[in-house]
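Undergrad: Okay, predicted coordinates and the sequence, questions at the end:
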Amino acid sequence: MEVFVIGIEDLAIDRLVAAKFWESRADAQWAAKLLALHMNDIDLEYLKKAARERHVEDVLAEALKQAEAYINAAEGSELPSQDRPLDT
């Protein structure tokens, strides 16, 4: 049996495209939260390459900053529980 699974990087890129070209703030937040949740497992080189190919490097840079803020805030318990990245 074959199973096809989308990677976190591709899922994040999809949300970043929606954030930029559909002007969807919710998708930008979703991408940042995905990045925060999976920061230790992300192939950053692939993510940056995919962002360049889809012309969303600027949105990726902001999402990475927001992901870092989510991580830092969660470590200090400064975020409401629904916005804290989960331990994986």
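TA: Now that the structure is in, tell me what you want to look at.
Undergrad: Point out where the chain drops to low pLDDT.
TA: Scanning the chain for pLDDT under 70 picks out 77-88.
Undergrad: Tell me which stretches of it form strands.
TA: Listed from the start of the chain, the chain has no strands (DSSP state E) to report.
Undergrad: all helices of this structure, in order?
TA: 8-21, 25-37, 44-53, 57-75 (DSSP state H).
Undergrad: can I get those in CSV with distance to M1 and mean neighbour count?
TA: For the C-beta atoms, the positions are set from N, CA and C on the backbone; glycine is no exception. Below are the helices of the chain laid out as CSV (distance: least, C-beta to C-beta, whole Å; neighbours: other C-beta atoms under 10 Å):
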stretch, distance to M1, mean neighbour count
helix 8-21, 22, 20
helix 25-37, 27, 20
helix 44-53, 26, 15
helix 57-75, 34, 17
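Undergrad: List the residues that contact the nearest residue to E62 once chain neighbours are set aside.
TA: Nearest non-adjacent residue to E62, counting by C-beta to C-beta, 6 or more residues apart in numbering: A28, 7.2 Å away. By C-beta atoms under 8 Å, 6 or more residues apart in numbering, A28 lies in contact with R15, L16, A19, V59, E62, A63, Q66.
Undergrad: could you measure A28 against E2, distance?
TA: Computed as C-beta to C-beta, to the nearest Å, the A28 to E2 distance reads 33 Å.
Undergrad: And for Y70?
TA: 34 Å.
Undergrad: just R25 next, same as before
TA: 36 Å.
Undergrad: Then A50?
TA: Between A50 and E2 the distance is 23 Å, computed by C-beta to C-beta.
Undergrad: now do H55
TA: Separation of H55 from E2 (C-beta to C-beta): 32 Å.
Undergrad: try A12
TA: Going from A12 to E2 by C-beta to C-beta gives 24 Å.
Undergrad: What of A67?
TA: In terms of C-beta to C-beta, A67 sits 32 Å off from E2.
Undergrad: still on that earlier bit, which one's more surrounded, H55 and E2?
TA: Each of H55 and E2 has its neighbours counted (other C-beta atoms under 10 Å); H55 has more, 12 against 3.
Undergrad: No more questions from me, cheers.
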